[in-house]
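>>> Please find the sequence and the predicted model below.
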Amino acid sequence: MADPPWVLRSLLFVPGHRREMIAKAAQAGADAIILDLEDGVAPAEKPAARRTVAAALDGPLPDHLVVFVRVNSTASGLLDEDLREASRPRMDGVCLPKCDTSADVQALSARLLATEDRLGVPRGRLRMLALVETALGVLHAPAIARESPRVWGAVFGAEDFTADAGLPRTREGRELAAARTAVSLAAHAAGIEAIDGIFADFRDEEGLVADTAEARRLGYTGKTVIHPAQIAPVHRVFAPEPDEVAKARRIVDAFEQGEAAGSGIVVVDGAMVDRPVAVRAQRVLARAERTAT
Ligand code: COA
Ligand code: MG
């Protein structure tokens, strides 16, 4: 398992029944992979996908790679079988789709405790990615994000959301703005990560970069992707700019010197720096350090 704290800029989906694709996904350079048992797998393929996912988790995987399994929703009737057949000690967490209310988080949480006991891994170790992708889910996002310490991140699923909310799905994504902001705020209020949904047109790098930059502006720190070619552009967008890092360093240094001298306010580059500015700068430095690979 890859130990938290995790900095996950890219989380690559891979269909659970495609053994060779899982092997490629593990080597593609993503920070995390999500082995899918839900919508990327046709109903007839689900039993084979569970077996293939279990075998992949038992096989060689890079140590640093964070591995999630996307199970079917709590309403699907497939969740227990997914967990029973596909769970292995190497998995780091479970991605729960169609998370509509905190009851969905509770339902998975209880099952994860039983799964941990069965696998012989420490209780509480399995993390959760809550996929918020319905109108109901967006409205309940604050409660979903806070429901359990297992919830590591909230993922905003734009594709299902627009279908569910009766919205068009455009390349620019203006129709997403309110919901995407709501999920990011809910994540930050709960102190968890905000992870953006996929950009489906995997040959459109320019569109992907614009979409990822918008997510970053809204507070997202990572993005789910569907194709290896999407990983590098996403990493570039989430990397702090060198001048941003240099400025953050100046701010943190000046603030620490100010505090040591008994002042909570200093001036850097002609602008006031107080605690919230220094905290923001510290976050930039932490990210730069953890993504300097
Ligand atoms: N994980 C690992 N490898 C992948 C991959 C993924 N998600 N997507 C593509 N590849 C591999 C292909 O297998 C191919 O490998 P090869 O050159 O050794 O044959 C290579 O990358 C290039 O793929 P390409 O031909 O450009 O795309 P494709 O037509 O084979 O696949 C998709 C396109 C969209 C079908 C495929 O990317 C995919 O299935 N993505 C995941 C979709 C998913 O999980 N959806 C559910 C969650 S939203
Ligand atoms: Mg979905």
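Perfect, I can see it now. Keep in mind the model is a prediction, meaning the values are calculated, not measured. Ligands and ions are numbered 1, 2, ... in the order given.
>>> Can you tell me who the residue most central in space within the chain pairs with across the strands?
By Cα atoms, centre = their mean, the chain has its centre lying nearest to Ile195, at 3.9 Å. Following DSSP bridges, Ile195 is listed with bridge partners Val155, Gly222.
>>> pretty sure it contacts Leu129?
Yes. Counting by Cβ atoms under 8 Å, Ile195 touches Leu129, with 6.9 Å between them. Using the backbone N, CA and C atoms, a C-beta is placed for each residue, glycine as well.
>>> tell me, what's touching those two both at once?
Contact criterion Cβ atoms under 8 Å, 6 or more residues apart in numbering; residues shared by Ile195 and Leu129: 11, 153-155.
>>> Show me what from this protein comes close to ligand 2.
157, 160 (Cβ under 5 Å from the ion).
>>> For ligand 2, what's its nearest residue on the stretch 51-200 of the chain.
For the stretch 51-200 of the chain and ligand 2, the shortest gap (Cβ to the ion) falls at Asp160, measuring 3.9 Å.
>>> residues near that residue, how many?
Residues contacting Asp160 under the criterion other Cβ atoms under 10 Å number 17.
>>> a strand runs through Phe13, doesn't it?
Yes. Under the criterion used here (DSSP: H, G, I helix; E, B strand; the rest coil), Phe13 sits inside a strand.
>>> end-to-end on stretch 144-153?
10 Å (Cα to Cα, to the nearest Å).
>>> sorry, back to before: spell out whether the host helix or strand of the residue of the stretch 51-200 of the chain closest to ligand 2 and ligand 1 are in contact.
Assigned by DSSP states H and E, Asp160 belongs to helix 158-165. No. Residues of helix 158-165 contacting ligand 1 under Cβ under 6 Å from any ligand atom: none, with a closest distance of 6.9 Å.
>>> Pull out the buried residues from that helix.
158, 160-162, 164-165 (16 or more other Cβ atoms under 10 Å).
>>> any idea of the mean pLDDT in it?
With pLDDT averaged residue by residue, helix 158-165 scores 96.
>>> next one: stretch 169-182
pLDDT averaged over stretch 169-182 gives 94.
>>> Only the buried residues of that stretch, if you could.
With burial defined by 16+ other Cβ under 10 Å, the residues of stretch 169-182 counted as buried are 173, 175-176, 179-182.
>>> Same question for stretch 182-189.
182-187.
>>> quick one: contacts of that stretch?
132, 138, 141-142, 144-146, 153-154, 156, 193-194, 218-220.
>>> Thanks a lot, catch you later.
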